[in-house]
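Novice: can you look at this prediction? I've put the sequence above it.
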2 protein chains.
Amino acid sequence: MYRTHSNGELTKININETVTLSGWVQKLRNKGFMIWVDLRDRYGITQLIFDEERTPKEVMEVASKLGREFVIQVTGTVIERESKNPNIPTGDIEILVSKLTILNNSLTPPFTIEDETDGGEDLRMKYRYLDIRRKPVRENLIFRHKVTMAVRNYLSAKNFVEVETPYLIKSTPEGARDFVVPSRMNAGQFYALPQSPQTFKQLLMVGGMDKYFQIVKCFRDEDLRADRQPEFTQIDCEMAFVEQEDILNTFEGLTRHLLKEINGVNIGDFPRMTYDEAMKRYGNDKPDIRFGMDFGELNAVSQHKDFNVFNSAELVVGIAVPGGNSFTRKEIDNLIDWVKRPQIGALGMVYCRYNEDGTFKSSVDKFYTEEDLAKWAETTGAKPGDLICVLSGETNKVRTQLSALRMHLAEQLGLRKHTEFAPLWVVDFPLLEWDEDTNRYHAMHHPFTSPKPGQMELLKTNPGDVKANAYDLVLNGNEIGGGSIRIHDKGIQSKMFDYLGFTPEEAKAQFGFLMDAFQYGAPPHGGIAFGLDRLVAILGGQETIRDFIAFPKNNAGRDVMIDAPAVIDKDQLDELNLKVVLKP
Amino acid sequence: MYRTHSNGELTKININETVTLSGWVQKLRNKGFMIWVDLRDRYGITQLIFDEERTPKEVMEVASKLGREFVIQVTGTVIERESKNPNIPTGDIEILVSKLTILNNSLTPPFTIEDETDGGEDLRMKYRYLDIRRKPVRENLIFRHKVTMAVRNYLSAKNFVEVETPYLIKSTPEGARDFVVPSRMNAGQFYALPQSPQTFKQLLMVGGMDKYFQIVKCFRDEDLRADRQPEFTQIDCEMAFVEQEDILNTFEGLTRHLLKEINGVNIGDFPRMTYDEAMKRYGNDKPDIRFGMDFGELNAVSQHKDFNVFNSAELVVGIAVPGGNSFTRKEIDNLIDWVKRPQIGALGMVYCRYNEDGTFKSSVDKFYTEEDLAKWAETTGAKPGDLICVLSGETNKVRTQLSALRMHLAEQLGLRKHTEFAPLWVVDFPLLEWDEDTNRYHAMHHPFTSPKPGQMELLKTNPGDVKANAYDLVLNGNEIGGGSIRIHDKGIQSKMFDYLGFTPEEAKAQFGFLMDAFQYGAPPHGGIAFGLDRLVAILGGQETIRDFIAFPKNNAGRDVMIDAPAVIDKDQLDELNLKVVLKP
């Protein structure tokens, strides 16, 4: 047996016990006549002491050869520590070692294996197995496990059944790119890895499983933006015989449970907001509502003067930055530069200081009176001491720009607190969105999303106005889940494919099995999927999903630790009836 | 709201309540003035009654148009049933319907959707979503969910952390064929889907995760034998700072827990048997020990006479078939034909009847006396009334043949009871096995398996004799799990790769990251992996894993429901820098 205890459990009550411990040498202090070692494992750190007066000579000798990250096993007596360490559970004791075995030695690690590391991202990823030894990384992975266990136990208790759906499925050109898998046994044919188990969970509903969930890997071969992974994990859920209200209640329950169980936070009913309202109030379909700075639309109170920038704008909209009047001129200029960066794309920013004495000072004083600016303040909810920032232009663009500014300022002002949680349902999403590239409407969610009752007819006349039974769950400005009530009627599903530009042949080739299934008594159904990586990161109070993934890939989709992807043998290609044809 | 209750919960105590139910029309009985419907959902069946005296005329009319598998919603009053059905929980009541909505209609399904179906395997798989509506199939999937929840909760309580390892990894020519995934972003390069997370779980041990598990899909592109799937699910586990004994105890605990929790069976300490003993006593490394019929080696008591078949054989070995003396001559001839089939390959079978009166009658009476045959009986443990079956030939072959016969007879005699569970650890597996094709030794388990202490030297002289710290968990004659203590020393791992015929370059290219990791303080570690599909099937008392997989593939690796794999667009191939080159 390698150990009688872990390195996190010995305390004063164990004094005088003989124990055996194993672990890694985290720290060494060698004074010649005395050697101290911090011994680490997943559970904690225990201090070992080698003392030439009390430790056998041969043990002392081996101890003097130890290095960082050596793996050792020791037997010794638990004794009270002279200088106690109140920061760790084992801080009252140390082990006077009588026996020491080196289980494995170690080269000097390429970066410091402590809470704070000197290893850059690239190095840490290449040696991820060493990075995981660091407590913050390890704790993130354990945290992820706790979240998934809580999800599974909650849903299971609510009669949901976790059903594994296949990974080797069929490629569909719809949506993002599939990863494909050549089949050897079916020459010239390919499986695809699922972007989500969408059609399978709908088939499970047709099959009467009633309540399904699955924590499942999904795959998208997209050009990776920051903090996206080609493989990611979804909490995938579906229910039969439900309306939108049933689904919102069920998964509000799940989320409330997680916040309580994992974060110890009690949250009441989640607020709800329509997509239209979210766009109008926050310029964003996933608003962070932990702080104010609601948009105030200023057209009515700004388009009556000679300021042509505003007069010619479709939308003039501002936010009140709390305490923003304390910004220096330089700080405000920086903000203006920030919104003018190509990523944001604003042409400029008008600002107005709301002085503590109730007066105003704006960058457009030659156009607007104090009375005008007071109305701006009223509309944006500004108070004395605030700064009003105003952007103008084409509605959708300017909303996006002001939303970015709002988030930037909130971050800067420390208003996005990691320990504060504000969930929000955004509902009534549009069914379709206009795609500039293809010059036509696409399904905003996916082609199985049900339009709101009675709106099918609108498709012909005002497709952009058709709302869907679709909803997102937003947490602290991040979409953590999204779903919809599905179409369960074969006729409507056909019409939808038709509307979305599928020929009957294409629809049949790609989704024939689903259309077939709908002929045999499909129940009304709907569901939701949560992005687990993101959810865990937010609950864990962090930003980067990569910190919660054991072996993440980099922005080029590479695993730098195992050096994948890689070329494969010609034999292997031949067997798969494939030839690599690199573009010149 | 679509329903106030499920179809499995209404009983006498609900009488007079107004309820709303939804579900599928399972059965219809229409007498014109009265219509009965069995309404089904996942939770059960409720009888509906439409009665022209008590049901509104328009409801009666709609009801008369219902067909099997229509999806309906009804509101009505719970009333006591005249002819009660004691077989179902809702058998005391029925619903007098006052309101009926057809939520979806249905074509006549291609097979009967009841416990017993008239649908053949192919048809059921094509319409798997209808097959899943059948109670036995649905219950299997729910059973699987219960097993995985029990596994997760047990291991989690024992401090195991479920860590997700990547699906897009690197291809290694070792072992079975990989499924590969072309990378678009890394032109000409491929990921591979994992055959198991073996190296990643070892890296997690190097990373100090201490106790890891994962219920995870694995992939093998093998020619499919009956009841194999290209994608299958593993309960994958690994522990650090453990010896074999720790692992056996931990996973014996898990298995005992499952048998208790899922099957209500209490099992004490699991017996253990070495590989050598299993081969000697049962001719098989995964013996079913629920019944006797141990092998009796008869060389000593059969090679002293003129029977050359036996005299020239390396091994003469028999089993006593309990009550087998009642077999007719015809039945015995059938057995002889059975062992002579090419799949078994025996040249013949000698038998000996042990009569109730203590006399013997054998097929080789001209060579052996009653005294000789009495010794056969003693060696095989035969009792009066039994039949002794004897095979002879080359040791390994004849053991395999007799093992097959033993299982065949046990099946035939009803000795393999689905409700009886007999787990067994088989330990001390050989490290290597001889491969006829390549004419060299291969790793029996995998190249990371640790040889028994002190046996490394034997590799040079008697490689076939080297035993490994490897073990299998066998349940009712099936290997449900297998694992080993791993090599954690870089030097030994290098030697092992070398011995297995890897050049240093190959070893580095394929497993360099693991060898690198071993330089930085790898702890002693080991693990086990359970085949979940098989485990669930056995716990569920059934033979076919396919019955416990929601959407299985057929023997050609095809999903006949979604018709995958399939050809993909040329555009898609171009993007992946691939060309399909079909062999003529």
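Specialist: Great, that's in hand. Remember, predicted model here, so these are calculated numbers, not experimental data.

Novice: for A:Lys340, which non-adjacent residue is closest in space?
Specialist: Nearest residue to A:Lys340, sequence neighbours excluded (Cβ to Cβ, 6 or more residues apart in numbering or on different chains): A:Ala346, at 5.8 Å. Heads up, the C-betas are built off the backbone N, CA and C, glycines and all.

Novice: got the phi and psi for the one you found?
Specialist: A:Ala346 adopts backbone torsions of phi -70, psi 150, taken as degrees, to the nearest 10.

Novice: same question, A:Glu420
Specialist: phi -110, psi 130.

Novice: which SS class is A:Ile289?
Specialist: At A:Ile289 the chain is in coil, as set by DSSP: H, G, I helix; E, B strand; the rest coil.

Novice: how about A:Ser171?
Specialist: A:Ser171 falls in the coil class when you classify it by three-state DSSP.

Novice: gap between it and A:Val581?
Specialist: From A:Ser171 across to A:Val581, the span is 19 Å (Cβ to Cβ, to the nearest Å).

Novice: which of the two has more neighbours?
Specialist: Between A:Ser171 and A:Val581, counted using other Cβ atoms under 10 Å in any protein chain shown, the more crowded position is A:Ser171 (24 against 15).

Novice: quick check: buried residues in stretch A:11-29?
Specialist: A:14, A:19-26, A:28 (16 or more other Cβ atoms under 10 Å in any protein chain shown).

Novice: gap between the residue of the stretch 201-350 of chain A found nearest chain B and B:Glu114?
Specialist: For the stretch 201-350 of chain A and chain B, the shortest gap (Cβ to the nearest Cβ) falls at A:Gly207, measuring 3.3 Å. Distance, A:Gly207 to B:Glu114, using Cβ to Cβ: 15 Å.

Novice: the two: which has the busier surroundings?
Specialist: A:Gly207 (30 against 14).

Novice: what pLDDT does A:Leu405 get?
Specialist: On pLDDT, A:Leu405 comes in at 98.

Novice: leaving out the residues flanking it, which one is nearest to it?
Specialist: A:Leu405 sits nearest to A:Val339 (Cβ to Cβ, 6+ apart), 5.6 Å away.

Novice: got the domain ranges for chain A?
Specialist: A:12-104, A:138-264+A:423-553, A:291-412 (automatic domain parsing).

Novice: tell me which of these is the most buried.
Specialist: Highest mean neighbour count among the domains of chain A (mean count of other Cβ atoms under 10 Å in any protein chain shown): domain A:138-264+A:423-553, with a mean of 20.

Novice: report the rounded mean pLDDT for it.
Specialist: 93.

Novice: and that domain, how far apart are its ends?
Specialist: Domain A:138-264+A:423-553 has its terminal residues 18 Å apart, counting by Cα to Cα, to the nearest Å.

Novice: follow-up on the earlier one: doesn't the residue nearest to A:Leu405 belong to a strand?
Specialist: No - judged by three-state DSSP, A:Val339 forms no part of a strand; its state is helix.

Novice: kindly provide the distance from it to A:Tyr351.
Specialist: The spacing between A:Val339 and A:Tyr351, counted by Cβ to Cβ, is 11 Å.

Novice: before we move on, what about A:Ile235?
Specialist: 43 Å.

Novice: do the same with A:Asp559
Specialist: 47 Å.

Novice: cool, and A:Gly454?
Specialist: From A:Gly454 to A:Tyr351 the distance is 45 Å (Cβ to Cβ).

Novice: ok, for A:Cys237, nearest residue in space, not its chain neighbours?
Specialist: A:Phe213 (4.5 Å).

Novice: next SSE downstream of the helix or strand containing that neighbour?
Specialist: Assigned by DSSP states H and E, A:Phe213 belongs to strand A:211-219. The helix or strand immediately downstream of strand A:211-219 is strand A:231-240, counting by DSSP H and E.

Novice: quick one, strands of the stretch 1-150 of chain A?
Specialist: Assigned by DSSP state E, counting those that start in this stretch, the stretch 1-150 of chain A shows strands spanning A:18-30, A:34-41, A:44-51, A:71-80, A:93-104.

Novice: any chance of JSON lines for those strands, columns distance to B:Asp472 and mean pLDDT?
Specialist: Shown next, in JSON lines, are these (distance: least, Cβ to Cβ, whole Å; pLDDT from 0 to 100):
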{"stretch": "strand A:18-30", "distance to B:Asp472": "27", "mean pLDDT": "97"}
{"stretch": "strand A:34-41", "distance to B:Asp472": "29", "mean pLDDT": "97"}
{"stretch": "strand A:44-51", "distance to B:Asp472": "35", "mean pLDDT": "97"}
{"stretch": "strand A:71-80", "distance to B:Asp472": "28", "mean pLDDT": "98"}
{"stretch": "strand A:93-104", "distance to B:Asp472": "27", "mean pLDDT": "97"}
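
Novice: tabulate those (a markdown table), appending distance to chain B.
Specialist: Formatted as a markdown table, the strands of the stretch 1-150 of chain A follow (distance: least, Cβ to the nearest Cβ, whole Å):
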| stretch | distance to chain B |
| --- | --- |
| strand A:18-30 | 5 |
| strand A:34-41 | 6 |
| strand A:44-51 | 11 |
| strand A:71-80 | 5 |
| strand A:93-104 | 5 |
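
Novice: any chance of the ones you listed in CSV, plus distance to A:Glu378?
Specialist: Converted to CSV, the strands of the stretch 1-150 of chain A look like this (distance: least, Cβ to Cβ, whole Å):
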stretch, distance to A:Glu378
strand A:18-30, 60
strand A:34-41, 60
strand A:44-51, 57
strand A:71-80, 68
strand A:93-104, 65
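
Novice: find the nearest non-adjacent residue to A:Glu53, please.
Specialist: Closest residue to A:Glu53 apart from its sequence neighbours, by Cβ to Cβ, 6+ apart: A:Phe33 at 7.7 Å.

Novice: ok, that neighbour - contacts?
Specialist: Counting by Cβ atoms under 8 Å, 6 or more residues apart in numbering or on different chains, A:Phe33 makes contact with A:51-53.

Novice: I'd assumed A:Arg42 was in contact with A:Arg138.
Specialist: Yes - counting by Cβ atoms under 8 Å, A:Arg138 touches A:Arg42, with 6.4 Å between them.

Novice: any shared contact partners between the two?
Specialist: B:208-209.

Novice: distance to B:Thr400 for the domains of chain A - can I get that in a markdown table?
Specialist: A markdown table is the format used below for the domains of chain A (distance: least, Cβ to Cβ, whole Å):
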| stretch | distance to B:Thr400 |
| --- | --- |
| domain A:12-104 | 41 |
| domain A:138-264+A:423-553 | 28 |
| domain A:291-412 | 69 |
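
Novice: relative to B:Leu347, how far out is the closest residue to A:Thr274 other than its chain neighbours?
Specialist: What sits nearest to A:Thr274 in space, not counting adjacent residues and going by Cβ to Cβ, 6+ apart, is A:Asp428, at 4.4 Å. Separation of A:Asp428 from B:Leu347 (Cβ to Cβ) stands at 78 Å.

Novice: again, but for A:Arg177
Specialist: Counting by Cβ to Cβ, the gap from A:Arg177 to B:Leu347 is 59 Å.
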